[in-house]
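Q: Provided below are the primary sequence and the corresponding predicted coordinates.
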Amino acid sequence: MSVLFPKVNKPREWDYRPIYFDEEKEARKDKKLARLHHGSFREEHEKNMTELRKKKTSRLTFWIALLALLLFAFYFLL
């Protein structure tokens, strides 16, 4: 600390910003809070897994049908 010029802390400045009501922002916040209820991550995971299973089974049926058509074509055309 200096003897000639002692350090004096400045007083806090008044920083007032008025808060205005924003209806759209409140609606977004309510929607976000409603989406994050207890167990929502588990429900989303289960939903994603069922969609993945459906895609997998439809892809499998497509390949089986294609294989059957190719076998049919080779058997009767060649």
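A: On my side now, so go ahead.
Q: count of neighbours near Ile19?
A: Number of residues near Ile19 (other CB atoms under 10 Å) recorded here: 5. For every residue, glycine as well, the C-beta is placed using N, CA and C.
Q: How far off centre is stretch 65-78?
A: Put simply, stretch 65-78 sits 44 Å off its chain's centre (CA atoms, centre = their mean, to the nearest Å).
Q: Contacts made by that stretch with the rest, please.
A: By CB atoms under 8 Å, 6 or more residues apart in numbering, no surrounding residue is in contact with stretch 65-78.
Q: Return that stretch as CSV; C-alpha atoms alone will do.
A: Coordinates of the C-alpha atoms in stretch 65-78 are reproduced here as CSV (Å, rounded to 0.1, in the frame of the first residue of the first chain):
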residue,chain,number,x,y,z
ALA,A,65,-38.2,-59.8,-50.6
LEU,A,66,-35.4,-58.7,-52.9
LEU,A,67,-33.5,-61.9,-52.4
ALA,A,68,-36.7,-63.9,-53.0
LEU,A,69,-37.3,-62.1,-56.3
LEU,A,70,-33.7,-62.6,-57.4
LEU,A,71,-33.9,-66.4,-56.6
PHE,A,72,-37.2,-66.6,-58.5
ALA,A,73,-35.7,-64.8,-61.5
PHE,A,74,-32.6,-67.0,-61.6
TYR,A,75,-34.6,-70.2,-61.1
PHE,A,76,-37.2,-69.5,-63.8
LEU,A,77,-35.2,-67.3,-66.3
LEU,A,78,-31.9,-69.2,-66.4
